[in-house]
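# sequence? don't have it. structure:
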């Protein structure tokens, strides 16, 4: 797998998963696996576009579940061809949605996988609908535990704060 900074990669075709992917938990793993499967089916590279630090950490100080090196390593284990790591800082928060769309266009996505609540650009001006005006978009539904609760980085942080290490490890799925 090759690692890139934002704006430095151009591809003639790709299938992309976009997200913070903090923890690379079972839900994230499913999104990434679907991306890899789709890319192989279409004969183009798979790509994960992620952020360092995760936006939730930048804006609200949320605990980081996986340092960037660990996150990239876990993504690589899922068979991804490329990962783009965008430095999420004050400058990045001022980036327009159209600028992000322009960067994605350089990757010629045949499909982009995101969650249904995906937002991007300054003040979250971009959303799934805007992305879908420019590219084929596949919304990936949340993954749930056997108890029916959604697996999320927020839930994992909460469980960690409650000392629920075993439940956390189960949701991360990297044991």
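Looks like it arrived, so ask away. Note that the structure is predicted; figures quoted are calculated from it, not measured. Numbers count the residues shown, from 1 in each chain.
# avg pLDDT for the longest helix along the chain?
When the chain is scanned for its longest helix (criterion: DSSP state H), the result is helix 26-42. When pLDDT is averaged over helix 26-42, the result is 96.
# Provide the contact partners of the helix or strand just after it at residue level.
Per DSSP states H and E, the first helix or strand lying C-terminal to helix 26-42 is strand 46-52. Contact with strand 46-52 is made by 6, 9, 11, 14-21, 32, 35-36, 38-40, 68, 71, 75, 79-88, 92, 104, 107, as judged by C-beta atoms under 8 Å, 6 or more residues apart in numbering. All C-beta spots, glycine's among them, are computed from the backbone N, C-alpha and C.
# One more: stretch 148-165?
Applying C-beta under 8 Å, 6+ apart, the set of residues contacting stretch 148-165 is 20, 22-23, 25-27, 54, 56, 62-63, 65, 142-145, 167-168, 171-172.
# now stretch 168-175
Taking C-beta under 8 Å, 6+ apart as the rule, stretch 168-175 contacts 23-26, 29, 65, 74, 145, 151, 155-156, 159-160.
# ranges for the helices of this protein?
Under DSSP H, the chain gives helices at 26-42, 55-60, 68-77, 90-93, 97-105, 128-134, 153-161, 165-172.
# Single out the most deeply packed of those helices.
helix 26-42 (a mean of 20; mean count of other C-beta atoms under 10 Å).
# Show me the shaky parts of the protein.
175 (pLDDT under 70).
# if I pick the residue nearest to the spatial centre of the chain, what's in contact with it?
Closest residue to the average C-alpha location of the chain: residue 19 at 2.2 Å, with C-alpha atoms, centre = their mean. Counting by C-beta under 8 Å, 6+ apart, residue 19 touches 28, 31, 48, 49, 50, 114, 115, 118.
# again, only using 7 Å
28, 31, 50, 114, 115 (C-beta atoms under 7 Å, 6 or more residues apart in numbering).
# For residue 149, see how far away it is.
For residue 19, the distance to residue 149 (C-beta to C-beta, to the nearest Å) stands at 19 Å.
# Ok, residue 95 next?
Counting by C-beta to C-beta, the gap from residue 95 to residue 149 is 33 Å.
# ok, those two, which is more surrounded?
Set residue 95 next to residue 149 and count neighbours by other C-beta atoms under 10 Å: residue 95 wins out with 17 against 11.
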